[in-house]
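Student: A predicted structure for the sequence below; I have some questions about it.
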Amino acid sequence: MSGDLKLGLNVGYWQRNADDATEVVLTAERLGYESVWTAEAYGSDAFTPLAWYGARTSRIKLGTSVAQISARAPVTTAMTAMTLDHLTGGRLLLGIGASGPQVVEGWYGTPFPRPLARTREYVDIMRKVWRREEPVTSDGPHYPLPYPGGANLGKPLKLITHPLRPEIPIYLGAEGPKNVALAAEITDGWLPLFVFPEKLGAMYGDSLAGAGPGFDIAAMVLVSVTDDIRSALDGVKMMLTLYIGGMGAKSRNFHADIVGRMGFADAAEKIQELYLAGRRDEAFAAIPDELADGISLVGPPARIRERLQPWRDSPVTNLLVMGPRDEPTLRTIRDLVLG
């Protein structure tokens, strides 16, 4: 039980067009939001917009939620993180994630199997890079250093630049219980995408048992301050329709799996079936209102204030708001969460 919640803003990744969120980031910093987070899928990358916002701000922490590990070698992510951390005065929060097999194998052209082992190896190499205790080597099967073969001229190297911080905070985007347990074991925080706060402890209590002091559970949550609750819930359901129905294969969809673990397995199966059959309106209609309401904060301020209590009573320590871009709404959310 966290009680007090930290507050951040997640601006996500670009959709069809470029989306410079500088003004909303500046507004969030001015209003006292602790952090802003960017994302990537197979469009805009996570680091470039974050550097752009970092150059225009002075206090707000800068997080990736998440940078996909298959997009970059671990030393490349370590160098990028070190560089950005220096340029922003130590404000980086490095969120990484394995993504899913359709993106990893279809976009990056790399194998997806053994994501937990790959993540463990990836994190270990990045920390070796930042600590600069010795030339970096790794005998793991996924990212061996030096490379065993090729020209047979590879040699262990040490990062040229001294990091501003030898321990940049690492967060892990995770949905499955084993992946969440890995986050608790080897990283500084967990970035869950869908959280039903009343169910979180039962779903992940055992997985989080290994978390150390200060472990940050930074939950992404769609927020809509409005009197039109029906319309707001429909907005959440549109997002869920895509993620449950189409963000993954029928045989392997991590988003559908997590919805199933929340107690909506039958609905998730039906939504997938309808969506993949091209019946998207019916898939949308199959999303239970209880699910949409449970993972979001929607309605007038009084309703959101009431709905915040389960979040305060849950293991969540940090709310990363998604959706609002205007100053009055961001101020209202700040007052409700931090007031």
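Tutor: Cool, the structure landed. All of these numbers come straight from a predicted model, not from anything done at the bench.
Student: show the pLDDT at residue 129.
Tutor: Model confidence at residue 129, given as pLDDT, is 98.
Student: residue contacts, it?
Tutor: 74, 75, 78, 79, 82, 136, 159 (C-beta atoms under 8 Å, 6 or more residues apart in numbering). Any C-beta I mention is one placed from the backbone N, CA and C, and that applies to glycine too.
Student: for residue 130, same thing?
Tutor: Residues counted as contacts of residue 130 (C-beta under 8 Å, 6+ apart) are 78, 81, 82, 159, 163, 165, 166, 167, 168.
Student: quick revisit: okay, and which of the contacts of residue 129 map to strands?
Tutor: Taking DSSP state E, every one of these sits outside strands.
Student: which one (most neighbours) among those residues?
Tutor: residue 74 (26 neighbours; other C-beta atoms under 10 Å).
Student: ok, back up a step: can you list the contacts of residue 130 in TSV and add distance to residue 255 and pLDDT?
Tutor: Converted to TSV, the contacts of residue 130 look like this (distance: C-beta to C-beta, whole Å; pLDDT from 0 to 100):
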residue	distance to residue 255	pLDDT
78	29	99
81	27	98
82	32	98
159	36	98
163	35	98
165	33	98
166	35	97
167	32	98
168	28	98
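Student: low-confidence stretches in the chain?
Tutor: Scanning the chain for pLDDT under 70 picks out 1-3.
Student: tell me where it has helices.
Tutor: For the chain, helices defined by DSSP state H occupy the ranges 22-31, 47-54, 74-87, 101-106, 115-131, 177-186, 197-204, 229-246, 254-259, 265-276, 280-285, 289-294, 301-313, 327-338.
Student: between those helices, which one is nearest to residue 141?
Tutor: helix 115-131 (7.8 Å; C-beta to C-beta).
Student: residues of that closest one that come out buried?
Tutor: 115, 118-130 (16 or more other C-beta atoms under 10 Å).
Student: could you do stretch 98-117 as well?
Tutor: So for stretch 98-117, counting by 16+ other C-beta under 10 Å, buried means 98, 99, 100, 101, 102, 103, 104, 108, 112, 115.
Student: residue 195: which of the contacts of residue 129 is nearest?
Tutor: Closest to residue 195, out of all of the contacts of residue 129 and judged by C-beta to C-beta, is residue 74, at 28.1 Å.
Student: got a list of what that closest one touches?
Tutor: Neighbour list for residue 74: 121, 122, 123, 125, 126, 129, 143 [criterion: C-beta under 8 Å, 6+ apart].
Student: likewise residue 221?
Tutor: By C-beta under 8 Å, 6+ apart, residue 221 lies in contact with 195, 295, 296, 297, 311, 319, 320, 321, 322.
Student: go again with 6 Å.
Tutor: Residues near residue 221 by C-beta atoms under 6 Å, 6 or more residues apart in numbering: 297, 319.
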